[in-house]
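Q: my questions are about this predicted structure, shown below with the sequence.
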Amino acid sequence: MGQGTENVAEAVVLIPGLMCDARVFQYQINALSASRAVMIAPAVVGERIEEMASALLDALPQRMALAGVGLGGTVAIEILRRAPERVNRIALMGVDPQADTPAIAAERDLQIVRARSGRLDDVMAQVLPPDHLAPGPGRMEVQSLIRTMAQDLGAELFVRQTRAMQRRRDYQGELRRIKVPATVMGGAEDRAIPPKRQQFMADLIPKARLHMIEDAGRMPMVEQPQATLRALNAWLVQPLILG
């Protein structure tokens, strides 16, 4: 099945990452919603990826194009694992499919303690340091947006989402079993998940496409919104039958 009226009606579901909401996708929402239904599905329920996926499935369309960032991308993989018949295509942005190492898990414990002690701003500065974003005049604006969203969403959500990341399984095997059109996206200057790791992830997925967004780091949908939209549009017109 290629492009056609069915693709026009295909709903897009966007799952934001850690301590983010619809604001990180505002540019893409405005553009995509001119021709299709767009839904923001934040992962806010439970302390495990599986619980977040189960909670979202009850509210999601029966058929969808599913895109997730970071934590949201991990939840997207779990949704595809649980309900493959409902996912037409999947886009994964800045996702780490591997389970936490003991060192990373221990660091998350410290972040949880700090967040609960009223130091969420400090924790978010550690989670997204300046050098994880592309250099330039927009860097401070992106950091400000991240801090604002984190304060609005609150420390308890940070704790739940961090626990979910800390407890997540290794999803590399699930990536190898993906049978729908898939795109891996990331910022070319993302130091947390650099291009080589993005390429490795794309190589795991049969027939996946890789889009590296130039002049962007950890948050390409905010740093380079137009380029991210172009990558999403290219993903949305991929034929549903893989050649």
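A: That came through, no problem.
Q: pick out the residue nearest the middle of the chain.
A: With distances taken as Cα atoms, centre = their mean, the residue of the chain nearest its centroid is residue 69 (0.9 Å).
Q: so it sits against residue 24, correct?
A: Yes. Under the contact definition of Cβ atoms under 8 Å, residue 69 touches residue 24, with a separation of 7.2 Å. Where you see a C-beta, it was placed from the backbone N, CA and C, and this is true even at glycine.
Q: and stretch 122-130, what's buried?
A: Along stretch 122-130, the positions that meet the burial threshold by neighbour count (16 or more other Cβ atoms under 10 Å) are 123, 124, 127, 128.
Q: same check, this time on stretch 12-32
A: When burial is assessed from 16+ other Cβ under 10 Å, stretch 12-32 yields the following buried residues: 12-20, 24-25, 28-29, 31-32.
Q: distance between the ends of it?
A: Stretch 12-32 has its terminal residues 8 Å apart, counting by Cα to Cα, to the nearest Å.
Q: now do that stretch: distance to the chain's middle.
A: Taking the mean of its C-alpha atoms, stretch 12-32 sits 9 Å from the chain's own mean (Cα atoms, centre = their mean, to the nearest Å).
Q: same check on stretch 141-148?
A: The offset between the C-alpha centroid of stretch 141-148 and the centroid of the whole chain comes to 17 Å, using Cα atoms, centre = their mean.
Q: please enumerate the strands of the protein.
A: Along the chain, the segments classed as strands by DSSP state E run 12-15, 38-40, 64-69, 87-93, 182-187, 209-213.
Q: measure the residue nearest to the centre of the chain to residue 240 for me?
A: Spatial separation of residue 69 from residue 240 under the definition Cβ to Cβ, to the nearest Å is 23 Å.
Q: show me the protein divided up by domain.
A: Following automatic domain parsing, one finds the domains of the chain at 5-97+170-236, 102-159.
Q: where are the low-confidence patches of the protein?
A: Within the chain, the ranges that satisfy pLDDT under 70 run 1-9, 243.
Q: quick one, helices of it?
A: Along the chain, the segments classed as helices by DSSP state H run 5-9, 26-32, 49-57, 71-82, 102-116, 120-127, 139-153, 155-167, 172-176, 195-204, 220-223, 225-236.
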